[in-house]
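K.L.:
Pasted the sequence and its predicted model underneath.
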Amino acid sequence: MLQKLLALFIIFLFLARLVWRKKKKEISVNEFLFWLVFWIGAGVLIVGLKQIDQLAIRLGFSSSGIEILLYLGIIILFYFLFRLRLKMQKMEKNITKIVRAIALREKNNGK
């Protein structure tokens with residue numbers, strides 16, 4: 001029970017920090033909503049951990065609910081990491097195109 005309260009307190013701190021950053025306009029509305037849903041969802045999962053354990057048992061998993069949540073979290077992190085890598089690769093290609101176009105323009109203007 002103490003662990004749940006500590007986790008919920010930490011989530012509350014993250015939510016307070018999120019609202020503070022939104023008020024200072026350091027993050028966009030979409031970013032705010034994403035993190036708000038994320039942290040509220042994390043809080044709901046922590047509160048419903050016993051139900052998740054029971055669901056895991058009914059589905060035949062040998063792991064506890066918290067381990068299943070950990071596995072899902074790792075899968076989601078790798079997915080986001082993959083998407084971030086694709087975006088960075090696309091950005092690098094666009095930067096290369098822009099630099100190439102600028103270099104060609106400067107070469108043609110220099111003649």
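P.N.:
That came through, no problem. Numbers count the residues shown, from 1 in each chain.

K.L.:
Would you mind listing where this structure has pLDDT under the threshold?
P.N.:
110-111 (pLDDT under 70).

K.L.:
Who are the packing partners of the lengthiest helix in the chain?
P.N.:
Taking DSSP state H as the criterion, the chain has its longest helix at helix 65-110. For helix 65-110, the elements it packs on are helix 49-58, judged by 3 or more Cβ pairs under 8 Å, 6 or more residues apart in numbering; DSSP states H and E. Placement of C-beta: from N, CA and C, glycine included.

K.L.:
and the helix it packs on, how far from the chain's centre?
P.N.:
25 Å (Cα atoms, centre = their mean, to the nearest Å).

K.L.:
Let me know the angle separating that helix from helix 65-110.
P.N.:
Using axes from the mean of the first three to the mean of the last three Cα atoms, to 10 degrees, the inter-axis angle of helix 49-58 relative to helix 65-110 is 100 degrees.
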